[in-house]
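Participant: Predicted model follows, preceded by the sequence.
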Amino acid sequence: MSDSSSPSGAPVPVLDVWCELQCPDCGTALADLRALRARYGDRLELRLRHFPLDKHQHAFAAAQAAEEAFEQGQGWAYVEAVLGRVAELAREGEPFLLRVARELGLDTEEFDTALIDGRHILVVDADQAEGKAIGVTGTPTYVIDGERLDGGKSQEGLRERIEEITDRLLSARA
């Protein structure tokens, strides 16, 4: 989605967020992600990593839709819109995904085509495989500086821990 270097060319810390867009816990974590993005801006790269769970019928399509939104330059806005309305996604499925794309002014014809032709399936599959390989079992799960933090059990204290690690990494690079 983006490289992990700052405007000065120095590498920035990367926070991988293993997420599922139909997951209520990921919806709850949205406030923490917004706070991290506001606090660090381009000094911390947040990377959405897909980990659709079998128990959520529309999660795989939502992951593909998010990838198309990133292709069209509105990835995080799309992710936030869907995570803020997980109950609607559960109820409506793909028509909801297209409606969110329309609300954000995305090219819905291209969006629909992407969902039909499966052009983003390999990205979603690769994320899920990598997640399984490093021990991700649920969402949200965060990985920063090699440390895995499981937010599926509890969000309590995770943002603070991510901030501690990020601050340490940033001060070491200064």
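Facilitator: Structure's in. What do you need?
Participant: Please count neighbours and contacts with C-alpha atoms only from this point.
Facilitator: Fine.
Participant: which residues touch the residue positioned nearest the centre of the chain?
Facilitator: Of all residues in the chain, the one closest to the mean position by C-alpha atoms, centre = their mean is residue 48, 2.9 Å from it. Taking C-alpha atoms under 8 Å, 6 or more residues apart in numbering, we find residue 48 in contact with 16-19.
Participant: how much space between it and residue 75?
Facilitator: Residue 48 sits at a distance of 9 Å from residue 75 (criterion: C-alpha to C-alpha, to the nearest Å).
Participant: State the pLDDT value of residue 155.
Facilitator: Looking at residue 155, its pLDDT is 75.
Participant: So it belongs to a helix, correct?
Facilitator: No: counting by DSSP: H, G, I helix; E, B strand; the rest coil, residue 155 falls outside a helix, being coil.
Participant: Neighbours of it, how many?
Facilitator: 17 (other C-alpha atoms under 10 Å).
Participant: One more: the one 4 residues further on?
Facilitator: Residue crowding around residue 159 was assessed by other C-alpha under 10 Å; the count is 19.
Participant: Hmm, it is touching residue 32, no?
Facilitator: Yes: taking C-alpha atoms under 8 Å as the definition, residue 159 is a contact partner of residue 32 at 6.1 Å.
Participant: hey, where'd the helices end up in the protein?
Facilitator: Assigned helices in the chain, in chain order: 24-40, 59-71, 75-83, 86-92, 94-103, 108-117, 121-133, 158-173 (criterion: DSSP state H).
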